[in-house]
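Participant: Please work out how this folds:
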Amino acid sequence: MNKRERNQQIEGLRGIACLLVVFHHIIWSFNYNFLDTAWAVKISKYAGLGRFGVIVFLIISTWFMVDCPWVPTESVFKETYKQLKIKIEKLYQKLWLAYLPYVLSITVIYAVTRGATKIDLAVSLKTYFLNLTMLAGIIPHVNYVDGAHWYIATLIYLTIVVTVIEKLFKGNSYIYILWILGSFAVKGYLPSSLRDFTGIIVIVIMERKILSCAASLKYRIPIIIAIVVSGLYTVYFQGVFFTILFVISNIIFLLAVNNKLSVLSAKGIVWFGELSLYLYLIHQKISYVIEFYTMEIVNKYWVQFVAYIVAFIVSLMLALLIRKTVTSIQRVVTITKK
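Facilitator: Predicted structure coming up:
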């Protein structure tokens, strides 16, 4: 298989991860947060679908943070600030591609939840504007417009730290170990969303260096130490169940990135992968509002299942509309630049 087919498998895996997260929120999270359903409460500790999806997202994003071939240096400051600046500028360009769909999504969510007065999901105008920075969760005491967006702030934080370590410190494995130990030392001061996933990020980066970047034998000892420390860190903060989910997710990803799961290249799955950013950004609070008011209007048990389907379809339609809007704006900007 060629590179394009490999990318198709990763795209398909991203699509499955997104669907797992979406249905986790539409079904389990709604029951747990708004209906206090007995079954949802019982399995709350092991509600793995959403966690599995988030882990897959993080693994995919992290894997491609590291450039290959990876050639470490003995002098950690040998990489110039100019090169670091170039890398951060490229990172900013990638974030900008996600920024427009993000802004459109939080604007729609803000407008819809402001009108849904019977369900306590609205945020203030101040919170909305602060969310435009994409730093809610990093800025203290600033709530998300949509709770699912914690992933955005977490990914920005992790990406910046990894970029600095890779470019300024040449990806030195001992610096990654210090990051893990430092995160543990200040665990009471870091938001859980920024703290808890550090371990799996480091593990994936170390795997990338061994499996894809062909790190030489003399660099493998600190890499293995980093993996062990990160594994213990993950068990401590996330527990055994989450760690097992990570191992399973990691194996599936490694199979996909090495072209071993051709089923992930199916057009339908890949289609959802290509839409995953838009669907992820828009779905959660919109779904809650639809489910809440549908069940309030028709107070029948079976209506709950109808509400799930309607919430998913509306979220899907909004995601498609936002993607189309973004594409149109980008096309206009491109023509204007010419």
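
Participant: and the gap between Phe64 and Tyr99?
Facilitator: 19 Å (Cβ to Cβ, to the nearest Å). Where C-beta positions appear, they are placed from N, C-alpha and C, glycine not excepted.

Participant: do the same with Ser262
Facilitator: Separation of Ser262 from Tyr99 (Cβ to Cβ): 34 Å.

Participant: what's the answer for Leu155, then?
Facilitator: Distance from Leu155 to Tyr99, by Cβ to Cβ: 13 Å.

Participant: Tell me which stretches of the stretch 51-200 of the chain form helices.
Facilitator: Along the stretch 51-200 of the chain, the stretches classed as helices by DSSP state H, counting those that start in this stretch are 81-115, 125-131, 150-168, 173-185, 192-195, 198-211.

Participant: helices or strands up against the third one?
Facilitator: Spelled out, it's helix 150-168. helix 48-63, helix 81-115, helix 173-185, helix 192-195, helix 198-211 (3 or more Cβ pairs under 8 Å, 6 or more residues apart in numbering; DSSP states H and E).

Participant: quick check, distance from that helix to the centre of its chain.
Facilitator: Centroid separation between helix 150-168 and its chain, computed with Cα atoms, centre = their mean, to the nearest Å, is 12 Å.

Participant: tell me the mean pLDDT for that helix?
Facilitator: For helix 150-168, the mean per-residue pLDDT is 85.

Participant: Next, the buried residues of that helix.
Facilitator: By 16 or more other Cβ atoms under 10 Å, the buried positions in helix 150-168 come out as 150-159, 161-163, 165-168.

Participant: circling back: mind checking the helices and strands packed on helix 150-168 for the one nearest to Ile138?
Facilitator: Closest approach to Ile138 among the helices and strands packed on helix 150-168 (Cβ to Cβ): helix 192-195, 7.1 Å.

Participant: For the closest one, what is the distance to the chain centroid?
Facilitator: That offset, for helix 192-195, works out to 13 Å (Cα atoms, centre = their mean).

Participant: which of the residues in it are buried?
Facilitator: Buried positions in helix 192-195, judged by neighbour count with 16+ other Cβ under 10 Å: Leu194, Arg195.

Participant: Are there helices or strands packed against it, and which ones?
Facilitator: helix 150-168.

Participant: now the host helix or strand of Ser328, how far from the chain's geometric center?
Facilitator: According to DSSP states H and E, Ser328 maps onto helix 303-337. Put simply, helix 303-337 sits 19 Å off its chain's centre (Cα atoms, centre = their mean).

Participant: ok, now stretch 240-253?
Facilitator: Using Cα atoms, centre = their mean, the offset of stretch 240-253 from its chain centre is 16 Å.

Participant: repeat for stretch 262-282
Facilitator: That offset, for stretch 262-282, works out to 14 Å (Cα atoms, centre = their mean).
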